[in-house]
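1. pasted the sequence and its predicted model underneath.
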Amino acid sequence: METNDVAKGTFQITFTDAFQYVIMAVFYIVVAKTNALSPEDLGYLSVLSFIAHATTLSLFNLPTAITKFVSEKLGKKELQKAASIYKTGTRLLVTLSIMGLAIATLLSTPLSQYFWGTTEYSILIILSCLEAFFINLITSYKSGLSALGLFGKMALSTIVYIVISRGIAIGLALLDFGILGVVIGYVIGSFVGAIAAISFVRGKFPNPENKFPAKPLILFSFPLFLSSLFSFIISQVDVVIIASMTSDYGIVGVYSIAVKSLLALNIVWLPIMITIFPLISSKFGLQKPESVSNVVKMASRYLSFTTIPCCLMLVVIAPTALEVFYGPQYVSGASALAILAFSTILLSFYTLLTTVLTAIGKTNYVLRINIISAFSSVALLIGLVPLFDLIGAASSRLIAYTLSLIVTLYITRKFLKIKLDNVALWKSTVASVMTIPFLFLLEYTLKEFSAIQVLVVEILIAGLIYLASLYLLKALNRKDFDLLRQSFPKFFSKFIDIFQKVMQRE
């Protein structure tokens, strides 16, 4: 796998994520706009989602270990060893997933009693955990596809899951099946997605001649599991604390909508993390630290030119965006969404650095970083939520991500000569900031127009100002457009050529 594979893989996963988040957004828009689910129902659903996500931790981060070890062996052309690792890892993953489902089923009754004061929601918890079990299977088999660089197949298995699950969920919600119908849709979609992922990877590895021991995979992944546990706390515990401390599931529903809205930003930065991980593992396995540094610099350049402008734009237009997509009853979450959008910039760069540490095997350091972040996040939530509700919860994430980024940057530079693309970073920041005054002006001068008209105008104006600023700053170079050509299908090459002639000033 080389840089052009990263470009192609990033495009495939970005397209998939965009499609996935559009479908998810359509789900939330439909159920919110039609009142098929009330804000309180969405609050209940967010708690069920928390429990389901907790169940996925039963994977112990073994898919990451499988991708790393298999990628290294494939990079060395050791196909038999790669197949042996993959077989051992997937068997272990399936066993752990079954155990996780069994434990979650046993805990369903006390969990229902804790959150809702009744046991009648235990069946919803069991169904949510069954969905998590099938998602575990999807993740397990996608680890092999990732190691092989088959990002298109990874993408397709995700599309199958998301389309079927959300499609059925919307239909049953509109037929007044409520939360039960939504969860049933999720289960059916995840089951079909798991079947697809298994079929895509079948036959891609030869039958291994020798058995690979599970111990190296466990030793590598266990610190990552603990790290993921604390990352899970950082990213999910705010919903539980709001629910526990306020018992107001309407507020929980509004906050969960703000958090779900951030999924659109994941389209921008998350795909490249997935595609560079096996590449860094392969380069490090071949003892090419300089190549690793080049990959990181390239990734940081990508993040600078995409994540920063998208996040800063959402900071300003958060009220309009919430009103357009979910309705005026959710605009109260605009301040929280603005804070969360800004924190996403920090999260993307933090994730880049932890991806590097994971790929080079420094998982214990990732664990230490996440422990610090998790404890600080929980302490901040407990202190801020009673005083500031949603804004307090969002601010706790911002502070935790800031601390995580500072610590991670310091640690990463102890092992590799990591250099972020500082030129791209400052030029993109300047270009993005240039859009903010115009967006504020539009927010307050176009009040007589409908929210959707204002949103469209804001996006178009902000995009034009950002591109014009990049042009004036001479921010883009030939390599940027070369990567675009590698990423997109050949059909787009002529449009990229035109774009290059307009934007490049070298």
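-> It's in. Just so we're clear, the structure is a prediction, and the values are computed from it rather than from any experiment.
2. can you give the domain ranges for this structure?
-> Following the assignment in automatic domain parsing, the chain carries domains at 1-213, 219-421.
3. save the ones you listed as a markdown table, and put in mean neighbour count too.
-> Yep, even glycine has a C-beta here, placed from its N, CA and C like the rest. As requested, the domains of the chain are arranged in a markdown table below (neighbours: other C-beta atoms under 10 Å):
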| stretch | mean neighbour count |
| --- | --- |
| domain 1-213 | 20 |
| domain 219-421 | 21 |
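4. I figured Thr90 hits Thr67, correct?
-> No: if you go by C-beta atoms under 8 Å, Thr90 and Thr67 don't touch, sitting 11.9 Å apart.
5. quick check: Thr435 vs Gly171, distance?
-> Separation of Thr435 from Gly171 (C-beta to C-beta, to the nearest Å): 39 Å.
6. same thing with Leu380?
-> Separation of Leu380 from Gly171 (C-beta to C-beta) stands at 40 Å.
7. go on, Ala132?
-> Distance, Ala132 to Gly171, using C-beta to C-beta: 22 Å.
8. same question for Tyr21.
-> Tyr21 is 20 Å from Gly171, where distance means C-beta to C-beta.
9. going on from the lengthiest helix in the chain, what's the next piece of helix or strand?
-> In the chain, taking DSSP state H as the definition, the longest helix is helix 363-415. Downstream of helix 363-415, the first helix or strand assigned by DSSP states H and E is helix 422-433.
10. what's in contact with that following helix?
-> 300-301, 304-305, 308-309, 312-313, 465-466, 469-470, 473, 475 (C-beta atoms under 8 Å, 6 or more residues apart in numbering).
11. so of those, which ones are in helices?
-> Judged by DSSP H, the subset of the contacts of helix 422-433 located in helices is Ser300, Arg301, Ser304, Phe305, Ile308, Pro309, Leu312, Met313, Ile465, Tyr466, Ser469, Leu470.
12. just send those back as JSON lines, with pLDDT too.
-> Formatted as JSON lines, the ones in helices among the contacts of helix 422-433 follow (pLDDT from 0 to 100):
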{"residue": "Ser300", "pLDDT": "88"}
{"residue": "Arg301", "pLDDT": "88"}
{"residue": "Ser304", "pLDDT": "91"}
{"residue": "Phe305", "pLDDT": "91"}
{"residue": "Ile308", "pLDDT": "93"}
{"residue": "Pro309", "pLDDT": "94"}
{"residue": "Leu312", "pLDDT": "94"}
{"residue": "Met313", "pLDDT": "94"}
{"residue": "Ile465", "pLDDT": "95"}
{"residue": "Tyr466", "pLDDT": "94"}
{"residue": "Ser469", "pLDDT": "94"}
{"residue": "Leu470", "pLDDT": "92"}
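13. biggest separation within those, which pair?
-> Spatial extent of those (C-beta to C-beta) is set by the pair Ser300 and Ile465 at 23.3 Å.
14. thinking Ser146 is in contact with Lys153, fair?
-> No: assessed by C-beta under 8 Å, Ser146 is found out of contact with Lys153, at 9.6 Å.
15. circling back: give the other helices and strands that the longest helix of the chain contacts.
-> Under the contact definition 3 or more C-beta pairs under 8 Å, 6 or more residues apart in numbering; DSSP states H and E, helix 363-415 sits against helix 215-246, helix 249-261, helix 334-359.
16. mean pLDDT lowest for which of those helices?
-> If you rank those by mean pLDDT, helix 215-246 sits at the bottom with a mean of 83.
17. how much does that one deviate in direction from helix 334-359?
-> 170 degrees (axes from the mean of the first three to the mean of the last three C-alpha atoms, to 10 degrees).
18. quick one on the thing from earlier: quick one: mean pLDDT for the longest helix of the chain?
-> Averaging pLDDT along helix 363-415 gives 89.
19. and it, how far out from the chain middle?
-> Taking C-alpha atoms, centre = their mean, to the nearest Å, one finds the center of helix 363-415 at 17 Å from the center of the full chain.
20. oh, and call the first residue 865 from now on, that's how I've got it
-> Renumbered: residue one is now 865, and that last one reads helix 1227-1279.
21. of all the contacts of helix 1286-1297, which two lie farthest apart?
-> Greatest spatial distance among the contacts of helix 1286-1297 (C-beta to C-beta): Ser1164 and Ile1329, at 23.3 Å.
22. relative to Ser902, how far out is the residue nearest to Ser1196 when sequence neighbours are not counted?
-> The spatial neighbour of Ser1196 that comes closest, neighbours along the chain excluded (C-beta to C-beta, 6 or more residues apart in numbering), is Val1118 at 5.8 Å. Between Val1118 and Ser902 the computed distance is 11 Å (C-beta to C-beta).
23. and the pLDDT for Asn1158?
-> Turning to Asn1158, the model gives it a pLDDT of 80.
24. how much space separates it from Lys1281?
-> Taken as C-beta to C-beta, the span from Asn1158 to Lys1281 is 11 Å.
25. cool, Ser1155 as well?
-> Ser1155 sits 12 Å away from Lys1281, going by C-beta to C-beta.
26. could you do Gln944 as well?
-> According to C-beta to C-beta, Gln944 and Lys1281 sit 35 Å apart.
27. not counting stretch 941-952 itself, show me its contacts.
-> Contacts to stretch 941-952, defined as C-beta under 8 Å, 6+ apart, come from residues 930, 933-934, 937-938, 1008, 1011, 1069-1078, 1081.
28. so how far is that stretch off the chain centroid?
-> Chain-centre distance of stretch 941-952: 28 Å, with C-alpha atoms, centre = their mean.
29. I'd like the mean pLDDT over it, please.
-> Averaged over stretch 941-952, pLDDT sits at 89.
30. cool, and stretch 1290-1300?
-> Regarding stretch 1290-1300, the rounded mean pLDDT is 95.
31. buried residues, it. List them.
-> For stretch 1290-1300, a neighbour-count test (16 or more other C-beta atoms under 10 Å) marks Lys1291, Ser1292, Ala1295, Ser1296, Met1298, Thr1299 as buried.
32. gap between that stretch and the chain center?
-> How far stretch 1290-1300 lies from its chain's middle: 24 Å, per C-alpha atoms, centre = their mean.
33. again, but for stretch 1174-1188
-> Chain-centre distance of stretch 1174-1188: 19 Å, with C-alpha atoms, centre = their mean.
34. swap in stretch 1224-1233?
-> 20 Å.
35. return the alpha-carbon coordinates of that stretch using CSV.
-> Extracted in CSV, the C-alpha atoms of stretch 1224-1233 (Å, rounded to 0.1, in the frame of the first residue of the first chain):
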residue,chain,number,x,y,z
ILE,A,1224,4.1,1.9,15.8
GLY,A,1225,3.1,-0.2,18.8
LYS,A,1226,3.1,2.5,21.5
THR,A,1227,-0.3,1.5,22.8
ASN,A,1228,0.6,2.0,26.5
TYR,A,1229,1.1,5.7,25.9
VAL,A,1230,-2.3,5.9,24.1
LEU,A,1231,-3.8,4.3,27.2
ARG,A,1232,-2.2,6.8,29.6
ILE,A,1233,-3.3,9.8,27.5
